[in-house]
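Peer 1: I'll drop the sequence and a predicted model, then ask my questions.
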Amino acid sequence: MKATFGAGCFWHVEDLLAKTKGVISTQVGYIGGQLTNPTYEEVCTDKTGHAEAVQVEYNPEEISFEELLDVFWKNHNPTTLNRQGHDIGIQYRSSIFYHDDQQKELAEKSKQSLDDSGQYGTPVVTEIVPAPTFYKAEEYHQKYFKKCGM
């Protein structure tokens, strides 16, 4: 099964998800914008509307979508609009791109639960939207931390 998340710079998110039991594969790319086949340089202009994202293929017998959501929520700040740390721009927005109605329902329920918990003291701004075309990022971005020995 597939899941797609945007949580800031895709290098960290990919590394985290790639190390998660039940995740079969990961790839980083761009999703949710107006340009076909965008490049990193185009996405970084903050004008294409794309998010940096990680698409994972996972084995639902080893990890559930809910467990992937837990990894997602715990590893970024879902209350900062178009920003993660020092990374600022629409490409760094917190996003869940769902692939079916069940993922949508689970994501919305999970977001509401996190919001209701008051954990952050400010509202969760994560967008939950249908997964449009995912454009794989340039090869030098794939498994970036692994390539750099991190």
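Peer 2: Structure received.
Peer 1: so which strand or helix has the nearest residue to residue 150 once chain neighbours are set aside?
Peer 2: Nearest residue to residue 150, sequence neighbours excluded (CB to CB, 6 or more residues apart in numbering): residue 15, at 7.4 Å. Heads up, the C-betas are built off the backbone N, CA and C, glycines and all. Residue 15 is part of helix 10-18 when elements are defined by DSSP states H and E.
Peer 1: contacts for that helix?
Peer 2: Helix 10-18 is touched from outside by 5-7, 23, 26-29, 52-54, 56, 68, 71, 75-76, 137, 141-146, 150, with contacts defined as CB atoms under 8 Å, 6 or more residues apart in numbering.
Peer 1: repeat for stretch 25-34
Peer 2: 4, 6, 10-11, 13-14, 17-18, 38, 43, 48-57, 91, 95, 97, 129, 131-137, 141-144.
Peer 1: give me the buried entries from these.
Peer 2: 4, 6, 10-11, 13-14, 17-18, 38, 43, 48-56, 91, 95, 97, 131, 134-135, 137, 141-144 (16 or more other CB atoms under 10 Å).
Peer 1: which members of the residues you listed occur in strands, if any?
Peer 2: 4, 6, 51, 52, 53, 54, 55, 56, 95, 97, 134, 135 (DSSP state E).
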